[in-house]
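In: Just the structure for this:
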Amino acid sequence: MTQARSLRVAGYQMAVTPDIDENSRRILWAIERAAALGADVLLTPEGSLSDYTWRFDRRQVAVALGRVTEAAAERRLGLVLGTCMTEADGCGYNQLRFYGNDGAYVGFHAKTLRCGTLTQPPRGEIERYATAPLRTFELLPRVTVGGLICNDLWANPSCTPMPDPHLTQRLAEMGAQVIFHGVNGGRDGGAWAQVAWRYHEANLLMRARAAGVWIVTVDNAAPETLPCSAPSGVIAPCGRWACRTRPVGEDLFCYELTLDSLDT
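Out: Okay, the predicted model is just below:
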């Protein structure tokens, strides 16, 4: 007989603030909610703990990180946490940090396709954050996942001078079945923000289909009076939405992914 593997994922479209304590409080709420819904793993947006900045209090972030990872481990919930961190090498990284449901730290994905001006030399976060080799992670036995941060996936040509490295496809070639995508996009509610939304959504659908992977994605919901910069939810390998949140304000989803079948 065959038995289909599954992964129950939760994603929190969270209003990220400059206040680390407030961010950790919101993440702790999401951990409780995701665990109550039976999720295996929770995804939070880019910079959701530290805020999306290279000017953060390292000690305060470290203390808050301990709180949220301990809470997730107590509830047997895996965590894909968006935050900025300074590592032992002294470099600052814009990260997705991966934790198993036993609380074990598995590693981090560093934002690769960093944003910057189109001038030479480019200015912006491309100067501020280091990057690291692309890799995959095993959060559960025989379930291989990868992480991407914001522009890593859609390679917006107006946001970076870096060429598109097709990271979604590369992760699929490395064996990833699921890609967790944390976003913290800017928007002003104007016509151009609507163009960006359509571009982001089209990229999510096309890249999931081209790579044959599940994509789980969440954006920053602040300010909560405006639509997010990109939709949050789950895209199936066929390139269709499996579930999605409302476009404005905080929201949390939970969805069970069916992975490939295994002989048992």
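In: now the strands: where do they sit in the stretch 51-200 of the chain?
Out: For the stretch 51-200 of the chain, the strands defined by DSSP state E, counting those that start in this stretch occupy 78-86, 92-99, 105-110, 137-140, 143-149, 178-182.
In: Out of those strands, which gets the lowest mean score?
Out: Mean pLDDT values for the strands of the stretch 51-200 of the chain show the minimum at strand 137-140, a mean of 90.
In: Just checking the distance from that strand to the centre of its chain.
Out: For strand 137-140, the separation from the chain centroid amounts to 15 Å (computed by CA atoms, centre = their mean, to the nearest Å).
In: Sort out which residues of that strand are buried, please.
Out: The neighbour-count check on strand 137-140 (16 or more other CB atoms under 10 Å) flags 137, 139-140 as buried. Quick note: C-beta positions are derived from backbone N, CA and C, even for glycine.
In: who does that strand touch, helix- and strand-wise?
Out: Under the contact definition 3 or more CB pairs under 8 Å, 6 or more residues apart in numbering; DSSP states H and E, strand 137-140 sits against strand 105-110, strand 143-149.
In: most packed of the ones you listed?
Out: strand 143-149 (a mean of 25; mean count of other CB atoms under 10 Å).
In: Listing partners with orientation, what would you give for that strand?
Out: The strands beside strand 143-149 in its sheet (DSSP bridges) come out as strand 137-140 (antiparallel), strand 178-182 (parallel).
In: Which residues are in contact with residue 123?
Out: Residues near residue 123 by CB atoms under 8 Å, 6 or more residues apart in numbering: 116-117.
In: Now it: phi and psi?
Out: phi -120, psi 150 (degrees, to the nearest 10).
In: Residue 87 versus that one, what's the distance?
Out: 24 Å (CB to CB, to the nearest Å).
In: what's the answer for residue 29, then?
Out: 28 Å.
In: could the strands of the stretch 51-200 of the chain be laid out in CSV, adding distance to residue 23?
Out: Below are the strands of the stretch 51-200 of the chain laid out as CSV (distance: least, CB to CB, whole Å):
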stretch, distance to residue 23
strand 78-86, 9
strand 92-99, 14
strand 105-110, 18
strand 137-140, 23
strand 143-149, 17
strand 178-182, 13
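In: what about those, which gets the closest to residue 240?
Out: strand 178-182 (15.7 Å; CB to CB).
In: quick one: stretch 112-125 to chain centroid distance?
Out: 21 Å.
In: for the stretch 151-264 of the chain, which spans come out with low pLDDT?
Out: The stretch 151-264 of the chain contains residues with pLDDT under 70 at 261-264.
In: Could you point out the longest helix of this structure?
Out: helix 191-211 (DSSP state H).
In: That helix: which residues count as buried?
Out: Going by 16+ other CB under 10 Å, helix 191-211 has these buried residues: 193, 196-197, 200-201, 203-205, 207-209, 211.
In: cool, stretch 150-166 as well?
Out: 150-156, 159-162.
In: and the two most separated of these?
Out: Checking those with CB to CB, the most distant pair is 153 and 161, at 17.4 Å.
In: Do you have the helices of the protein handy? List them.
Out: Going by DSSP H, the chain shows helices at 20-36, 58-74, 125-128, 151-154, 167-173, 191-211.
In: Which among these is found nearest to residue 110?
Out: helix 151-154 (9.5 Å).
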